[in-house]
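K.L.:
turn this into a model:
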Amino acid sequence: MKFQNVKEALEALKALEEKQWALSHAMNMIVYDAATAAPKNSAEGRGKTLGILSAYMYELIAAPENTEMLAYLRAHEAELSEEEKRRVALTEKNCQQISRIPQEEYTEYEMLLNDAQAVWEKAKNENDFPAFAPYLEKIVAFNRKFAGYYNPALPAYDALLNEYEEGMTMAVLDVFFEKLRTAIVPLLEKIRNAKPLNDDFLRRFYPAEKQKQCAEYLMEVLQIDRGYCGLAESEHPFTDNFNNKDVRITTHFYENNLTSALYSVIHEGGHAIYELACDDRYNQTAIAGGVSMGIHESQSRFFENIIGRSEAFIHAVYPKIKEFFPEQLADVTERDFYEAVNRAEPSLIRTEADELTYCLHIMIRYELEKQLIAGELSVSELPEKWNRLYLEYLGVEVPNDTMGCLQDTHWSGGSFGYFPSYALGSAYGAQMLHFMKKDLPNMEEKILSGDLSDIKRWLGEHIHRHASLYQPSVLFEKACGPFDPSYYVEYLTEKFTKLYKL
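P.N.:
Modelled structure (predicted):
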């Protein structure tokens, strides 16, 4: 196809983006349904549908005319706006990657992930790692191969990291995690020798129906418009963003664990807040949605921990929480609750981990992923290596694979390179807090009253509205300067030293 001018080429780009968005919407809706409402034995038919749709997606993105259209726009960059250049860059990256993957492999992988999700959920519930292992072996093999397709010049795991946090490398993460380890391990040792904080009351019986009502209340506090954001239940909490007018979050209610669902709702709510505030102008374009998983996790973990576990926020919401559970919390003060939700203690489950030890869970997954992708660790060796690292890093014995290497859904979904985003996001959030406080001197008073509007406005202005217009590092620097993990180390040290009176 020959283009007469830039306008024609941009119209072709727009048509491609809209078709791609529509197919993604349909496929993601099927995946969301599978995790929330579909009958447990329905994977086969769903897999066939996804296989057909993924074939259409491949043909759409890998079409030769896209190469011609993108080349024309590249040759006329001087006539493009900043937004148009970014759309071209993101679309070009996507087209190049997909076109390097043979179509049969692309379709086979999509169907594999559908099957793997159902097998993982069953294996987790039945503590049956051998049932899931063959699927994980195939997923690891595909990711190794795809990494070579994505960017053959990079080590395989670096190529995968780049899919979730553009520009991120093992070299950067190795230094980052070592800095965290150097700070967290000695601080945790001091806490072990301090007077423990009591959280026993969090494991009393809390009816799921009341927890659901409390979750709805917390979404109100977060000012999430329920007209655009759904809340459902799934085995593992997650967020799906179909567009900035349709975001779905999920949680899982445990009747002997009050804070599990409540804080997962705040966490996933942070993801939703980001997606819902992306500028409308980017809808159905390559720029739509959050820019990276690191920036995304900075928002979810900011609301979950920095805001949600703060003294000011507990002061604002605890009276209402106590109304939902008057008998269970009759003997629990606001201070008791604050201390309980911030108790630092090595544990088995990442999603239940306290704010301080959480990054140690991520370090373990980071080490395992590097070795799996490099071929230095086989899937059959994974449970034993997992258990050994948990003992080494956190000092806890892993009793079974359900509470060990089967606990997370990410690998069943093929998300290798994703986990480091959680730790990066936590560190990004602490740096954002530092700069936010400079601009919002009465921030503490607003949180005490339960008013998060100024915080959401600051994040909306500096992060959310831009969607994927800028690369993650550029967006972050515009908001709060070059990334420096020292802000995170200082935040953790100050908070837990005060909390435990060290």
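K.L.:
spatially central residue in this protein, please.
P.N.:
residue 297 (5.0 Å; Cα atoms, centre = their mean).
K.L.:
check the average confidence over stretch 305-312, would you?
P.N.:
Summarised as a single mean, pLDDT over stretch 305-312 is 98.
K.L.:
ok, back up a step: which residues does the residue nearest to the centre of the chain contact?
P.N.:
When contacts are counted by Cβ atoms under 8 Å, 6 or more residues apart in numbering, residue 297 touches 421, 422, 424, 425, 426, 428. In this view, the C-beta of every residue, glycine as well, is placed from N, C-alpha and C.
K.L.:
mind checking what secondary structure the residue nearest to residue 387 when sequence neighbours are not counted has?
P.N.:
Spatially, and ignoring its direct neighbours in sequence, residue 387 is nearest to residue 398 (4.3 Å; Cβ to Cβ, 6 or more residues apart in numbering). Residue 398 falls in the coil class when you classify it by DSSP: H, G, I helix; E, B strand; the rest coil.
K.L.:
could you verify my assumption that residue 398 touches residue 388?
P.N.:
No - counting by Cβ atoms under 8 Å, residue 388 is not a contact partner of residue 398; they are 9.1 Å apart.
K.L.:
neighbour count winner among the two?
P.N.:
residue 398 (20 against 12; other Cβ atoms under 10 Å).
K.L.:
pLDDT wise, what is that one at?
P.N.:
98.
K.L.:
now it: phi and psi?
P.N.:
Backbone torsions for residue 398, taken as degrees, to the nearest 10, come to phi -90, psi 120.
K.L.:
any idea how far it lies from residue 348?
P.N.:
Residue 398 is 6 Å from residue 348, where distance means Cβ to Cβ, to the nearest Å.
K.L.:
could you pull out the residues contacting both of the two?
P.N.:
390, 404.
K.L.:
residues contacting the residue nearest to residue 387?
P.N.:
Applying Cβ under 8 Å, 6+ apart to residue 398 gives the contacts 348, 386, 387, 390, 391, 404.
K.L.:
now it: how far from residue 268?
P.N.:
With the distance defined as Cβ to Cβ, residue 398 ends up 26 Å from residue 268.
K.L.:
helix or strand: which one has residue 95?
P.N.:
helix 82-100 (DSSP states H and E).
K.L.:
can I get that helix in CSV, CA atoms only?
P.N.:
As requested, the backbone C-alpha atoms of helix 82-100 are provided in CSV (Å, rounded to 0.1, in the frame of the first residue of the first chain):
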residue,chain,number,x,y,z
GLU,A,82,5.2,13.7,20.3
GLU,A,83,2.1,11.6,20.9
GLU,A,84,2.2,10.2,17.3
LYS,A,85,5.9,9.4,17.5
ARG,A,86,5.2,7.4,20.7
ARG,A,87,2.3,5.5,19.1
VAL,A,88,4.6,4.6,16.2
ALA,A,89,7.4,3.4,18.5
LEU,A,90,5.1,1.2,20.6
THR,A,91,3.3,-0.2,17.6
GLU,A,92,6.6,-0.9,15.8
LYS,A,93,8.0,-2.7,18.8
ASN,A,94,4.9,-4.9,19.0
CYS,A,95,4.7,-5.7,15.3
GLN,A,96,8.4,-6.6,15.2
GLN,A,97,8.2,-8.9,18.1
ILE,A,98,5.1,-10.7,17.0
SER,A,99,6.3,-11.1,13.4
ARG,A,100,9.4,-12.8,14.7
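K.L.:
from the contact counts, what lies against that helix?
P.N.:
Packing partners of helix 82-100 (3 or more Cβ pairs under 8 Å, 6 or more residues apart in numbering; DSSP states H and E): helix 6-36, helix 43-61, helix 64-75, helix 129-150.
K.L.:
buried ones in whichever helix or strand comes after it, by neighbour count?
P.N.:
In the C-terminal direction, the helix or strand that comes right after helix 82-100 (DSSP H and E) is helix 103-126. If you call a residue buried by 16 or more other Cβ atoms under 10 Å, then helix 103-126 has these buried ones: 106-107, 109-121, 123-124.
K.L.:
next: stretch 80-92.
P.N.:
Applying 16+ other Cβ under 10 Å to stretch 80-92 flags 80, 84, 86, 87, 88, 89, 90, 91, 92 as buried.
K.L.:
what's the answer for stretch 212-227, then?
P.N.:
Along stretch 212-227, these residues count as buried under the neighbour rule (16+ other Cβ under 10 Å): 212, 214, 215, 217, 218, 219, 221, 222, 224.
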